[in-house]
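# The following block contains a protein sequence and its predicted model.
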Amino acid sequence: MGGMPGMNMGEDEMGMGPMQGMYGPYLMSREASGTSWQPESTPVEGAQLMAGNWMWMFHGIVNGIYDHQSGPRGGTKWFSNSMGMAMGQRPLGPGTLGLRAMLSLDPLMGKRGYPLLLQTGETADGRTPLVDRQHPHDLFMELAGSYSVPLSERDSVFVYFGNPGEPALGPPAFMHRFSGEDNPQAPLTHHWLDSTHITYGVGTTGVVLDQWKIEASVFNGREPDQNRWNINSPKFDSASGRVTFNPSANWSLQASYGYLKSPEQLAPATHERRVTASAIYNLPFGDNNWATTFAWGRKMESPGDDLDGFLLESAINLAETHTIFGRIERTDEDELFQPPSPLAGRSFAVNEFSLGYIYDIPVVEHLKLGIGGVSTLDVLPSEMRAAYGGRTPLSFMAFMRLKLL
């Protein structure tokens with residue numbers, strides 16, 4: 001859910017005391033996207049409302065972006081990306097019923113998404129791959145329900161179903177990590193770590209044992225298709241498992257493994273095994289908050305290669321006004337060149353460095369306007385440089401955003 005300094009440790013801003021999580025007897029601030037965990041000290045971000053036995057929370061971001069990706073494979077585009085979510089929970093019988101909905105107006109930017117050098121994955125038209133571009137999210141990013149039952153003061157069991165939803169695989173999705181949510185461009189490692197955050201057909205069951213969470217999912221291995229406005233038919237042909245350990249309020253560690261059947265529409269005979277590990281550290285101090293994520297993912301394609309992706313990202317928010325964020329990534333890419341290029345099918349290790357800043361202005365209660373920018377430097381192997389203009393690409397985005405918090 002991201003965070004906002006000033007609402008620490010899941011404390012209810014309406015004076016009703018700490019809010020319990022959907023999946024167990026712990027503070028809500030521990031919960032992120034899907035059923036994933038983050039450090040419990042991560043500030044909760046969202047406007048809250050009590051309606052009878054229901055506790056609701058609303059959160060959203062809208063970015064207006066000017067994007068300039070340099071070189072012959074880059075491009076320039078004005079576009080908007082967005083995310084709005086609502087979460088509700090109430091006591092029901094011996095446990096807690098939870099509902100989650102997340103939507104995006106990304107499909108308005110067009111099927112081809114926006115220019116983003118070195119990004120690969122999915123397709124715009126069902127026939128050709130997107131290369132050096134980031135696809136838009138679907139209108140429906142999550143429609144899910146859950147039910148949890150406490151086993152003791154610190155333990156619980158839970159079930160989660162979504163269409164779409166997010167299986168137990170990888171760290172929290174990038175737009176829900178405090179360390180990454182303010183960067184308007186998707187990470188290169190998205191398809192190594194958290195591309196399953198929109199999955200049409202997910203069922204997860206898990207157990208919480210104090211600081212530990214052990215969970216397993218069955219889900220649809222296929223990525224969402226190029227039709228971004230509809231809901232795809234659910235399937236349950238893939239599986240994953242995840243173990244998460246929060247040793248203290250400032251740390252969250254996870255390791256996960258998944259088998260994805262035919263994830264790519266354009267390569268239906270290729271299956272994937274994916275393994276991920278991550279560590280998230282969050283440090284609140286005064287009116288400030290600093291979050292950092294390190295994550296590794298490996299895609300083991302069958303038939304195909306083993307491809308690694310590494311991510312280190314960090315964001316520091318000072319006095320709810322200034323945010324400085326950065327990201328370093330290294331990925332093994334084998335989809336950057338398509339036939340008839342002589343480089344088609346080859347794997348290249350590419351590196352990307354991003355640094356950005358946002359200045360926030362309060363608008364009304366629970367709403368602030370941010371003005372910011374981010375610059376990105378891509379470091380390429382010598383064999384690739386000619387295709388990208390014979391030099392090191394330097395790109396940037398300038399943006400304004402509205403955030404509901």
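On my side now, so go ahead.

# how about low-confidence regions in this structure?
1-18 (pLDDT under 70).

# Find the nearest non-adjacent residue to the residue nearest the centre of it, please.
Taking C-alpha atoms, centre = their mean as the criterion, A173 is the residue nearest the geometric centre of the chain, at 1.9 Å. Spatially, and ignoring its direct neighbours in sequence, A173 is nearest to H197 (3.8 Å; C-beta to C-beta, 6 or more residues apart in numbering). All C-beta spots, glycine's among them, are computed from the backbone N, C-alpha and C.

# Distance of that neighbour relative to L405?
21 Å (C-beta to C-beta, to the nearest Å).

# hey, C-alpha coordinates of the host helix or strand of R90 in CSV?
Take DSSP states H and E as the rule and R90 turns out to sit in strand 75-92. Output of strand 75-92 as CSV, limited to C-alpha atoms (Å, rounded to 0.1, in the frame of the first residue of the first chain):
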residue,chain,number,x,y,z
GLY,A,75,10.8,8.1,-28.4
THR,A,76,8.8,10.9,-26.8
LYS,A,77,5.3,10.7,-25.4
TRP,A,78,2.9,12.5,-23.1
PHE,A,79,0.9,10.0,-21.2
SER,A,80,-0.8,9.3,-17.9
ASN,A,81,-0.7,6.3,-15.6
SER,A,82,-2.9,5.7,-12.6
MET,A,83,-4.0,3.4,-9.9
GLY,A,84,-6.9,3.6,-7.5
MET,A,85,-7.7,1.1,-4.8
ALA,A,86,-10.3,0.3,-2.1
MET,A,87,-10.0,-2.1,0.7
GLY,A,88,-12.6,-3.1,3.2
GLN,A,89,-12.7,-5.5,6.1
ARG,A,90,-15.2,-6.6,8.8
PRO,A,91,-15.6,-9.2,11.5
LEU,A,92,-17.5,-12.3,10.3
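
# Contacts for whichever helix or strand comes after it, please.
Sequence order places strand 95-103 as the next helix or strand after strand 75-92, per DSSP H and E. For strand 95-103, the surrounding residues in contact (C-beta atoms under 8 Å, 6 or more residues apart in numbering) are 20, 22-23, 83-91, 139-150, 156, 162.

# how about 7 Å then?
Under the criterion C-beta atoms under 7 Å, 6 or more residues apart in numbering, residues 22, 83-90, 139-150 lie in contact with strand 95-103.

# which of these count as buried?
22, 83-89, 139-148, 150 (16 or more other C-beta atoms under 10 Å).

# still on that earlier bit, run a quick neighbour tally on the residue nearest to A173.
Neighbour count for H197, taken as other C-beta atoms under 10 Å: 25.

# now the one 3 residues further on
Applying the criterion other C-beta under 10 Å, we find 23 residues in the vicinity of Y200.

# got a list of what it touches?
N163, P164, N220, P224, I231, N232, S233, P234.

# Please repeat the previous calculation with a cut-off of 8 Å.
With the criterion set at C-beta under 8 Å, 6+ apart, Y200 makes contact with N163, P164, N220, R222, P224, I231, N232, S233, P234, K235.

# could I get these as TSV with neighbour count and distance to W37?
Shown next, in TSV, are the contacts of Y200 (neighbours: other C-beta atoms under 10 Å; distance: C-beta to C-beta, whole Å):
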residue	neighbour count	distance to W37
N163	19	23
P164	24	20
N220	26	23
R222	21	26
P224	22	25
I231	14	27
N232	19	27
S233	10	30
P234	17	25
K235	16	27
